[in-house]
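K.L.:
Here is a sequence together with a model predicted from it:
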Amino acid sequence: MKKYIIVIFSLCTTVSVVFSQNQKVIEVSKQAPKAEYPYNEAVVLYNQKKYDAALNYLNNALKINNSYKNAYILMANIHQDKGNNLEAIRIWLRLSEKLQQKDSAYYMISKIYYDMGNYKSALEYAKMSVAANSTNFKTHYLSGLSYFKLGQYEESIESFSNAINLKETSAEIYNDRGSAYYKVEKYEDAIEDYNEAIRINGISLYYNNKGSAELAAGNFERAIDDFSTAIQLENNNFQAYLNRGVAKLASSNFVDAIEDFNKCIKMDDKSPFAHNYRGIAYFKLKKYQIAVSDFDIAILLNPKYAEAYLHRGNAKEMLRQPQLACIDWQMAATLGIEKAAEYSNNQCK
């Protein structure tokens, strides 16, 4: 019977471009509107994290001048800092009614929704921001991130490309477009984008992501090199150790793979993935009982870990425990592994 390895890749995308929330005291001239005085008091209190007192001064500023933009912006920032996201959104909406250029307000609403995990609303307001000002790369970028979270990867690529055309030097956008290319299995395009991100800013995350794309493309040695660089740059990079172990598995370097999985388990002994993959390596070395022990731990840590049931069934079959193997294959099949259903149908009565 042919046994096979389930490989899982982990990629990360981050929002690294945000609308500035820094507020400064405004120099008041003789001709300045009176609203600036309470606003300046609010700024001082805000910097001291005395939010309620700052809000009182901002309300006074708005009583003097109901169209005072800076007061609305600081008030929204305070509510965000306090975790009152819906109130912050309400204030940004009020401000959008007063601004000739509405893109900043829509962008901030989109960003709040994104941080809340409401990606559909985040995308809606990001689109509104783009419609109000198509030259701001931040809104295209946030649209791309929202599309990505919604699983609309082709649309995500288009938005990231628009952002890149407006700001070609952003490593973050190249990285995130690479992740979108990866999701649609355009691995060479993903590798090209990750290389560009690395050229601009060679951080551990980008090497890890590039290694994942190289691994998916079947370039095992290049993947191992990328994961090794990621580890050199960040010695406690659990994901890079895990991915390098998987790449070594794929290149039949089972002993070295076990060393990487051992380091993962030392960093996080509650990781079902590290135990599952170490079990696969032991299986490949024909150490079936040790493999079963690792699969046992993986399943204990995640009782719905379908691949671990599949591999444990394979190991139990090699230990001449066909009934126990069938139980595991049937469980893996129930959890969605088609290969396990095939094993069960062919060999289990």
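P.N.:
Looks like it arrived, so ask away.
K.L.:
all strands of the stretch 201-349 of the chain, in order?
P.N.:
In the stretch 201-349 of the chain, no strands are defined using DSSP state E, counting those that start in this stretch.
K.L.:
can you pull out the helices in it?
P.N.:
In the stretch 201-349 of the chain, the helices defined using DSSP state H, counting those that start in this stretch lie at 204-216, 220-233, 238-250, 254-267, 272-284, 288-301, 306-318, 322-334, 338-347.
K.L.:
contacting residues around the last one?
P.N.:
Right, helix 338-347. 1, 4, 306, 309-310, 313, 317, 322, 325-326, 328-333 (C-beta atoms under 8 Å, 6 or more residues apart in numbering). Heads up, the C-betas are built off the backbone N, CA and C, glycines and all.
K.L.:
can you check the third one too?
P.N.:
Outside helix 238-250, the residues within contact range by C-beta under 8 Å, 6+ apart are 5, 7-10, 204, 207-208, 211-212, 215, 220, 223-224, 227-228, 230-231, 234, 254, 256-261, 263-264, 267-268, 271, 273-274, 277-278, 280-281, 284.
K.L.:
Please apply the same query to the first one.
P.N.:
Around helix 204-216, the neighbours that count as contacts under C-beta under 8 Å, 6+ apart are 7, 9-12, 171, 175, 178-179, 181-182, 185, 187, 190-191, 194-195, 197-198, 220, 222-227, 229-231, 233-234, 237, 239-240, 243-244, 246-247, 250.
K.L.:
Give me the PyMOL select line for those, limited to the buried ones.
P.N.:
Typed into PyMOL, the next command selects the buried ones out of these (criterion: 16 or more other C-beta atoms under 10 Å):
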select buried, resi 7+9+11+171+175+178+179+181+182+187+190+191+194+197+198+220+222+223+224+225+226+227+229+230+231+233+234+237+239+240+243+244+246+247+250
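K.L.:
and Tyr309, what is it in contact with?
P.N.:
Contacts of Tyr309 (C-beta under 8 Å, 6+ apart): 295, 299, 328-329, 331-332, 335, 337, 340.
K.L.:
mind putting the helices of the stretch 201-349 of the chain in a markdown table, mean pLDDT and distance to Lys50 included?
P.N.:
Shown next, in a markdown table, are the helices of the stretch 201-349 of the chain (pLDDT from 0 to 100; distance: least, C-beta to C-beta, whole Å):
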| stretch | mean pLDDT | distance to Lys50 |
| --- | --- | --- |
| helix 204-216 | 95 | 37 |
| helix 220-233 | 97 | 40 |
| helix 238-250 | 96 | 40 |
| helix 254-267 | 97 | 41 |
| helix 272-284 | 97 | 45 |
| helix 288-301 | 98 | 45 |
| helix 306-318 | 96 | 52 |
| helix 322-334 | 96 | 56 |
| helix 338-347 | 91 | 60 |
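K.L.:
Is it possible to get those helices out as TSV so that each row also shows distance to Leu123?
P.N.:
Output for the helices of the stretch 201-349 of the chain, formatted as TSV (distance: least, C-beta to C-beta, whole Å):
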stretch	distance to Leu123
helix 204-216	23
helix 220-233	31
helix 238-250	27
helix 254-267	35
helix 272-284	31
helix 288-301	35
helix 306-318	31
helix 322-334	35
helix 338-347	33
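K.L.:
before we move on, back to that, now the contacts of helix 238-250: which count as buried?
P.N.:
Using 16+ other C-beta under 10 Å, the buried ones in the contacts of helix 238-250 are 7, 9, 204, 207-208, 211-212, 215, 220, 223-224, 227-228, 230-231, 234, 254, 256-258, 260-261, 263-264, 271, 273-274, 277-278, 280-281, 284.
K.L.:
Gly313 - how many residues pack around it?
P.N.:
Applying other C-beta atoms under 10 Å, we find 31 residues neighbouring Gly313.
K.L.:
What of Leu55?
P.N.:
18.
K.L.:
now Phe137
P.N.:
The burial count for Phe137: 18, using other C-beta under 10 Å.
K.L.:
pretty sure it is touching Leu166, no?
P.N.:
Yes. Counting by C-beta atoms under 8 Å, Phe137 touches Leu166, with 3.8 Å between them.
K.L.:
Touching both of these two, which residues are there?
P.N.:
What both Phe137 and Leu166 touch, as defined by C-beta under 8 Å, 6+ apart, is an empty set.
K.L.:
how near is Ala333 to Ser159?
P.N.:
Counting by C-beta to C-beta, to the nearest Å, the gap from Ala333 to Ser159 is 39 Å.
K.L.:
Those two: who's more crowded?
P.N.:
Legend: neighbour count by other C-beta under 10 Å for Ala333 and Ser159, higher for Ser159 (28 against 22).
K.L.:
Enumerate every residue touching that one.
P.N.:
Taking C-beta under 8 Å, 6+ apart, we find Ser159 in contact with 140-141, 143-144, 147.
K.L.:
No further questions, thank you.
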